[in-house]
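> Sharing a sequence plus its predicted fold:
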Amino acid sequence: MTDNTEINYGSPISDEQVKMIVNKEDINLTAEYEYGKYTITYKSTKNAIITGTVKETVTYKIESLNVPSVKTTKGYKLTGWKANKDVTLKNGTIIKLGKNISINQLKQVLADDNITFTPVVEKTSSTIYYSSYKDRLNITGKTKEVVINGKNPKGTTVDAEKVYWKANNDVTLKDGTIIKAGERITSKHLKQIIVTEDLKLTAFSDIATDIIKVPDTASVVSKIGIVLGIIFVFGGIYILYKRIINQKRIDGGIKWKNKLIIKKHL
């Protein structure tokens, strides 16, 4: 080397030292390098909580990932993961950003950068809420039903004739028919809905059958008492008023009569 440093055979040489080599014979140099280390982060979501390691350091494209355990909330199940960037599997497959990564695929990811993985969950069941338009119909059955996603509801009962329903979202029937939100759904079709999300179903009837509400007896008696009291008060005032007017008329008549008598004597 230019500074007369002697490097023994097999000893490591830095890039700077290579530039300083002075040698009269041909030599072979073999490049050596260290694999990089990257941080893998596992991030919880509202319905999927990471219960295992949330961060790990892995060697570039060598070490497999230690996939942590995930606890999902009731009614949800883990279906895979999503990464914040493209990832490469051991077999060379590239999974693009935003695409679902299965649990088995996650174990085959080769780390070539810092990556964050987020669990993906899906609902296993949904709730159907039954009600009637402005409470005009009496629902005698259940007002809420939990249905496994992909299955059909059993429906409920309504004390009315010619009942039909309307949904707050589009629904798909078993035969593939799509009924738009707000469109008419027969009771037969209701039981053919493929449930995939929470749904609100409102009952209507082709026959006007408003529920007649019986008023509370105590309330009625109280109101009658108030009305009679008001009538009594105003009646008393009126009678008193009439007496005062009549008295004034009588007094006026006496005075007028007395004046006539006085004039006559004069």
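Happy to help now that I have it.
> Now for the most centrally placed residue in the chain: which residues touch it?
The residue lying closest to the centre of the chain (CA atoms, centre = their mean) is residue 198, at 9.0 Å. If you count contacts by CB atoms under 8 Å, 6 or more residues apart in numbering, residue 198 has them with 126-129. No exception for glycine: its C-beta is placed from N, CA and C like everyone else's.
> Could you look up the SS state of residue 122?
strand (DSSP: H, G, I helix; E, B strand; the rest coil).
> nope, residue 233 is what I meant
helix.
> Same check on residue 64?
coil.
> give me every residue that touches it.
58, 107-109.
> Filter those down to the buried ones, ChimeraX style.
Entered in ChimeraX, the line below selects the buried ones among the contacts of residue 64, by 16 or more other CB atoms under 10 Å:
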select :58,108,109
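> quick one: which of the contacts of residue 64 sit in helices?
Among the contacts of residue 64, the subset assigned to helices under DSSP state H is empty.
> just the contacts of residue 64 now: which is nearest residue 142?
For these, the closest approach to residue 142 (CB to CB) belongs to residue 107, at 44.0 Å.
> What pLDDT does the model give that closest one?
pLDDT, residue 107: 90.
> Next, the contact list for it, please.
So residue 107 contacts 64-65, 67 (CB under 8 Å, 6+ apart).
> And the pLDDT at the residue nearest to the centre of the chain?
93.
> if I look at it, how far off is residue 145?
11 Å (CB to CB, to the nearest Å).
> any common contacting residues for these two?
Joint contacts of residue 198 and residue 145 (CB under 8 Å, 6+ apart) are 127-128.
> check contacts around the nearest residue to residue 156 once chain neighbours are set aside.
Nearest non-adjacent residue to residue 156, counting by CB to CB, 6 or more residues apart in numbering: residue 141, 3.5 Å away. Taking CB under 8 Å, 6+ apart, we find residue 141 in contact with 130, 155-158.
> Nearest to residue 190 among those residues?
residue 155 (5.2 Å).
> Unless I'm misreading it, that closest one sits right up against residue 193, doesn't it?
No. Counting by CB atoms under 8 Å, residue 193 is not a contact partner of residue 155; they are 9.4 Å apart.
> low-scoring stretches of this structure, by residue?
Applying pLDDT under 70 to the chain picks out residues 1-11, 14-15, 18-19, 21-25, 29, 31-34, 208-221, 245-266.
> if we go to 50?
For the chain, the stretches flagged by pLDDT under 50 are 211-213, 256, 260, 262, 264-265.
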